[in-house]
Every structure is written in structure tokens, then in C-alpha cells.
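In: show me how the following folds:
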Amino acid sequence: MNIASFTSKVIVKKGSFIIRLLKWISFISTPIDIFVNNSIRLLKILSKSQKLDDTLSSEIDSYFELEGEALDEREVKMIQAVVRQDKTVVREIMVPRVDVTAADINTPILELADIMIESGHSKIPVFTDELDQISGVAYSMDLIRALKAEESTDVNLDSLLRAPLLIPESKTLEGLLREFQVKRVQLAIVVDEYGGVSGVVTIEDLLEEIVGEIEDEFDIDEPEIVNLSDYTNKQEHLDLLIDARISIDQLEELAGIVVEGEGFDTLGGLVLHLLGRMPNKGDIVEYSGITIQVISTSGRRLKRLRINRV
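Out: Have a look, this model is predicted:
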């Protein structure tokens, strides 16, 4: 299989998303400019050829080992991360409600500017009375323009707000990127099934999910699944150290259980669903006769989990 054949399989389903994402990344990540430009050209040429092969995921892992050309390890990891974006949902990468920096509609302009400076956020949700009543989003550039034009601090905050983009927790990252582009915004308010605010997500969070998965070239590449038991029967003597990104299908096969529910497609997503909050190292949840312990995290992302039979 040559590089064109491999690439065409990737982009049939992912092509438009990858192109959009690579264009975003090209603005902020100079070290991968060559990869971005070449990939965009290939994806545009091949985006209408061949049907997506169900074995694509394994081919991504094995192709470059066999061929040893075209893309280096960091570029392979980029492709692998991109391919997962129609399965990862917003709930898994959002800033949870308890960590959201927001301001009341009656906040003075200068005080809001101080909040932005102290928090390091250039875009802040503004609410009326309570966080569930979002009035809009304040952008630092809008504040600066208004203060300069008025030459005073007596500016009506309500007149500066941009309409909020509301999205459900279950929206995929592919869908999120599309919303950001169509609406031309970089921050969205995440709402739960009852319409309450459960968090916020930004374009930076989305890019971090992709670029953040590319390990430093000096990092040790950890295996996806490590059997910690001395027994060969993994289901009967279950004790595994697992990458949080494994699919629910893989979990069911490994643990011999059936996972029910919607809104998550990975083991990490299941853990977030069960916890109902962002995870901390050492957190333990129980599900269908197994325990799942959080071993390590990276920022807001789950990395390694340990599962045992109860």
C-alpha cells in the first residue's frame, strides 16, 4: 500500500475536518508547517477516492512501521488524534462549570478588564443573576475599542456582548470545529440536557486535544494496555493499566462487560460520565463489577487508568 492509498482512506470520512483543522494549526504551530501544507494538498486531491476501510485504525499503526517513510512518529500521532475527533465529545475536553471564569452583567468595565488580566482569558461569559442565564460573551478587544472610543469607563457592558454559542455536551469535536467556523467564534457555552451551563470550551481546548496528544520526542511511548496480573486470563483476573482513549468496544471485550449509556465512546468518557466532574488522580469509580482508578492526567485530560474486578 502506498502513501496515496493510505491517505485516501483517511480522508474519505475525515478529509474536510482534517483540512479545516490543519489550517487552524498552521497558524499556531510553525514546526509542523511542512506537514500541514503537504497534507492539505494530498487531502484535497484524494478526498473523493475509495471507501473508508474498517481496519483504518490498525493500518495507521502498522503502515509506517512497514514502509518507514513519508511521516515521522509525531506526524503519525497527529493523524491518529485527528481520526478520533468524530468520537470524542465536548464533555471530555470542556472547562467544567466549577472552573469557569465568568462575570455578572453589572460588573464595571475596568473590573472586567482586571478579571481578564488576572485569569489570562481574553473571552469571558457574562451572566445575569446566575451562570445558567448567559447574557453573552465579552471579548477583550471589544472592551479596548469601546474604552478608546468613549474615552471614559462609563460604558454599558450589555452593548459590548457578543451572542453566546450554546452547544450540548454530546457534540463531537468535529462538530464543534464546524460550529466555530460557521459562527466565527472561539468560545462556546456547554449546556447539559436540562439547559443548564455545565462548562465552556474554546478553540484552544480543541487544538490542545489534538496537538497535546503528540508526545515530546524524548518521551517514552507507553503501551495502550498493560496486564499487571500474573495470570494470562485477563477477564477472570482483571488488573490492567489502560490508555483512557481506548474505545468502549475494547473495554467490553477486555473486561467481559456490557456498557450502556450515550454521550461517550471511550473509557475516559465513561469515567467522566460516572464522576460527573473533572477527574483527579486517585479517583475511583465502580461500574458493572469493575473498579476504574485514575492513575494519571494531563491538564483536563485523562491519560492512564487502572481497572480491576470488584
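
In: every contact and neighbour count from this point should use C-alpha atoms.
Out: Will do.

In: go ahead and confirm Ser140 touches Ala113.
Out: Yes. With contacts counted by Cα atoms under 8 Å, Ser140 reaches Ala113, the gap being 7.3 Å.

In: buried ones in stretch 138-148?
Out: Buried positions in stretch 138-148, judged by neighbour count with 16 or more other Cα atoms under 10 Å: 138-140, 143, 146-147.

In: next one: stretch 273-285
Out: Those would be 273, 277-279, 284-285, for stretch 273-285 by 16+ other Cα under 10 Å.

In: okay, these in JSON lines with secondary structure and pLDDT next?
Out: Below are these laid out as JSON lines (DSSP: H, G, I helix; E, B strand; the rest coil; pLDDT from 0 to 100):
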{"residue": "His273", "secondary structure": "helix", "pLDDT": "85"}
{"residue": "Arg277", "secondary structure": "coil", "pLDDT": "78"}
{"residue": "Met278", "secondary structure": "coil", "pLDDT": "75"}
{"residue": "Pro279", "secondary structure": "coil", "pLDDT": "82"}
{"residue": "Ile284", "secondary structure": "strand", "pLDDT": "92"}
{"residue": "Val285", "secondary structure": "strand", "pLDDT": "92"}
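
In: could you point out which of these is nearest to Arg306?
Out: Nearest to Arg306 among the buried residues of stretch 273-285 is Ile284, at 9.3 Å by Cα to Cα.

In: Leu207 belongs to a helix?
Out: Yes. Secondary structure of Leu207 (DSSP: H, G, I helix; E, B strand; the rest coil): part of a helix.

In: give me the number of residues near it?
Out: Residues contacting Leu207 under the criterion other Cα atoms under 10 Å number 18.

In: quick check: the gap between it and Leu176.
Out: Noted for Leu207: a distance of 11 Å to Leu176, by Cα to Cα, to the nearest Å.

In: same question, Asp154
Out: Asp154 is 36 Å from Leu176, where distance means Cα to Cα.

In: in terms of neighbours, single out the busier of those two.
Out: Each of Asp154 and Leu176 has its neighbours counted (other Cα under 10 Å); Leu176 has more, 22 against 12.

In: grab the nearest non-local neighbour of that one.
Out: With sequence-adjacent residues excluded and distances taken as Cα to Cα, 6 or more residues apart in numbering, Leu176 is closest to Val90, at 7.6 Å.

In: how about Phe127?
Out: The shortest distance from Phe127 to any non-neighbouring residue, by Cα to Cα, 6+ apart, is to Ile134 (4.2 Å).

In: same thing with Thr297?
Out: Thr297 sits nearest to Lys303 (Cα to Cα, 6+ apart), 4.9 Å away.

In: now for the strand or helix carrying that neighbour, which elements pack on it?
Out: Using DSSP states H and E, Lys303 sits in strand 301-309. Here strand 301-309 touches strand 239-243, strand 290-298, going by 3 or more Cα pairs under 8 Å, 6 or more residues apart in numbering; DSSP states H and E.

In: now tabulate those strands in CSV and tack on distance to Pro125 and mean neighbour count.
Out: Below are the helices and strands packed on strand 301-309 laid out as CSV (distance: least, Cα to Cα, whole Å; neighbours: other Cα atoms under 10 Å):
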stretch, distance to Pro125, mean neighbour count
strand 239-243, 33, 22
strand 290-298, 25, 18
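
In: distance to Asp265 for those - can I get that in CSV?
Out: Listed next are these as CSV, based on distance: least, Cα to Cα, whole Å:
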stretch, distance to Asp265
strand 239-243, 13
strand 290-298, 16
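
In: including pLDDT, secondary structure and distance to Asp192, could the buried residues of stretch 138-148 go into TSV?
Out: Below are the buried residues of stretch 138-148 laid out as TSV (pLDDT from 0 to 100; DSSP: H, G, I helix; E, B strand; the rest coil; distance: Cα to Cα, whole Å):
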residue	pLDDT	secondary structure	distance to Asp192
Ala138	95	strand	22
Tyr139	93	strand	24
Ser140	91	helix	27
Leu143	88	helix	30
Ala146	84	helix	34
Leu147	80	helix	35
